[in-house]
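>>> What follows is a protein structure lacking sequence information:
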């Protein structure tokens, strides 16, 4: 997947939140402030201040004048993937984001999938690659953030972001048509981290290829959480997590009781929670603990980040139940994926010389750059028309 984009750089934490309502209240508070107070709340950087004037993000109808003169309502927040597995809300206003990566917004639509490399932490457990239908911010749970690689270079699922000639080379190798989604599924199974980034070896064995793709397709369906025509992930009856004791208004900590397969949030209790969900890590970081910390860690008083729900919303509990399900199902795939990687290491792989001979690598420079997208009308700074 030659075209890749660096992670988003928000520049200020208050533009993203686990709930939509807090973002609207933060926007209103910012616009009521003036002068130095607004500067303080905004958290200016070299890239953005309340006097920055920028074009609108592709697909978003937001103001393009200086924020210091803004008086309109908060732009409708959009759902994004914050790091691995955490879905949050973001104000999609270019004036608020230091590096929004417009090229990603330009190709984000109902067909797109985003593969995100996970930061490398030596000897740490966890997947090297994750996929989401939502636009990801590329934040890493630990280690150096990886790159974001869209599956398609243009909106509408047009022009797969693959090295030219790769599907044809693999089709000839395996004796059956190889699609872009199959290559992505294989990558979910076979990818490993390395000092130079995410590495995806290719097997020469058609049988191993089919096994890896099948596991990757199951992982992909789980990670998409019901989007792109997939079913929402569900554990078998009797293994589905339920709230056994209500989560309190301000749960102080999160703990796990392995004998009872119970997750506790303060006095709240959820069960059954498989050990695989509790122990699921990315970059060595336990996902359930990180998810809880992002919703319970105290914020600095007087900042926009301190504007948040006064009590634990019911929506967060529902999201937690879904996250437990996702992590539990993915943990069940891990033994099979490890076996594929072991067989891949022991068997014959398609090496770089073969790919070079087939003209697959190196990818041409044009394949490493964003494609031209001419069917968008985007507003430039101060309401000017943007030419793409």
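Looks like it came in fine. The structure presented is a predicted model; accordingly, all values stated were derived computationally and were not measured.

>>> Mind listing what's buried along the helix or strand containing residue 41?
For residue 41, the host element (DSSP states H and E) is helix 35-42. Buried residues in helix 35-42, counted by 16 or more other Cβ atoms under 10 Å: 38, 41, 42. Just so you know, the C-beta spots here come from the backbone N, C-alpha and C atoms, and that holds for glycine as well.

>>> now swap in stretch 141-157 and tell me
Within stretch 141-157, the residues scored as buried using 16+ other Cβ under 10 Å are 141-143, 145-155, 157.

>>> And those, which is closest to residue 316?
Within the buried residues of stretch 141-157, proximity to residue 316 (Cβ to Cβ) peaks at residue 141, which comes in at 19.1 Å.

>>> Quick check: bridge partners of the closest residue to the closest one other than its chain neighbours?
What sits nearest to residue 141 in space, not counting adjacent residues and going by Cβ to Cβ, 6 or more residues apart in numbering, is residue 285, at 4.0 Å. On the basis of DSSP bridges, residue 285 is bridged to residue 282.

>>> what's the answer for residue 256, then?
residue 263.

>>> Which parts of the stretch 101-250 of the chain are helices?
Along the stretch 101-250 of the chain, the segments classed as helices by DSSP state H, counting those that start in this stretch run 102-107, 166-174, 180-190, 206-224.

>>> In CSV, list those helices along with mean pLDDT.
Converted to CSV, the helices of the stretch 101-250 of the chain look like this (pLDDT from 0 to 100):
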stretch, mean pLDDT
helix 102-107, 96
helix 166-174, 97
helix 180-190, 98
helix 206-224, 98
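
>>> Mean neighbour count and distance to residue 64 for those helices - can I get that in a markdown table?
Shown next, in a markdown table, are the helices of the stretch 101-250 of the chain (neighbours: other Cβ atoms under 10 Å; distance: least, Cβ to Cβ, whole Å):
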| stretch | mean neighbour count | distance to residue 64 |
| --- | --- | --- |
| helix 102-107 | 22 | 13 |
| helix 166-174 | 17 | 40 |
| helix 180-190 | 23 | 35 |
| helix 206-224 | 20 | 33 |
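
>>> Which one, of these, ends up nearest to residue 242?
When the helices of the stretch 101-250 of the chain are ranked by proximity to residue 242 (Cβ to Cβ), helix 206-224 comes first, at 19.8 Å.

>>> Next, the angle from the longest helix belonging to the chain to helix 206-224.
Counting by DSSP state H, the longest helix found in the chain is helix 314-346. For helix 314-346 against helix 206-224, the angle by axes from the mean of the first three to the mean of the last three Cα atoms, to 10 degrees is 170 degrees.

>>> C-terminal to helix 314-346, what's the next element?
helix 352-357.

>>> For that next one, could you pull out the residues that count as buried?
Buried residues in helix 352-357, defined by neighbour count with 16+ other Cβ under 10 Å: residue 355.

>>> on that earlier part again, going by distance to residue 327, which of the buried residues of stretch 141-157 wins?
Closest to residue 327, out of all of the buried residues of stretch 141-157 and judged by Cβ to Cβ, is residue 141, at 12.9 Å.

>>> In this structure the closest one contacts residue 85, no?
No - with contacts counted by Cβ atoms under 8 Å, residue 141 stays clear of residue 85, the gap being 9.1 Å.

>>> Need the overlap of contacts for those two.
Common contacts of residue 141 and residue 85 (Cβ atoms under 8 Å, 6 or more residues apart in numbering): 282, 287.

>>> And the helices of the stretch 101-250 of the chain: which comes nearest residue 121?
helix 180-190 (19.0 Å).

>>> What helices and strands are in contact with that closest one?
Applying 3 or more Cβ pairs under 8 Å, 6 or more residues apart in numbering; DSSP states H and E, one finds that helix 180-190 makes contact with strand 129-132, helix 166-174, helix 206-224, helix 314-346.

>>> Quick one: low-confidence residue ranges for this structure.
Scanning the chain for pLDDT under 70 picks out the ranges 374-380, 382-388.

>>> let's see 90
53, 61, 119-126, 140-146, 193-197, 237-238, 372-388 (pLDDT under 90).

>>> quick one on the thing from earlier: which elements pack onto the helix holding residue 41?
Using 3+ Cβ pairs under 8 Å, 6+ apart, helix 35-42 is in contact with helix 20-32.

>>> before we move on, the earlier item: how much does the helix holding residue 41 deviate in direction from helix 20-32?
160 degrees.

>>> residues making contact with helix 35-42?
Counting by Cβ under 8 Å, 6+ apart, 12, 29, 30, 33, 48, 49, 50, 67, 68, 303, 304 sit against helix 35-42.

>>> Now for those residues, which sits with the most neighbours around it?
Highest neighbour count within the contacts of helix 35-42: residue 304, with 25 neighbours (other Cβ atoms under 10 Å).

>>> pretty sure that one contacts residue 31?
No - contact criterion Cβ under 8 Å: residue 304 and residue 31 do not qualify, at 11.3 Å.

>>> how close does residue 322 get to residue 226?
9 Å (Cβ to Cβ, to the nearest Å).

>>> more crowded one of the two?
Neighbours were counted for residue 322 and for residue 226 using other Cβ under 10 Å; residue 322 has more, 18 against 13.

>>> which ones are touching that one?
Counting by Cβ under 8 Å, 6+ apart, residue 322 touches 225, 232, 233.

>>> Swap in 7 Å and give it another go.
Going by Cβ atoms under 7 Å, 6 or more residues apart in numbering, residue 322 touches residue 225.

>>> Now do it against residue 29, distance only.
Residue 322 is 31 Å from residue 29, by Cβ to Cβ.
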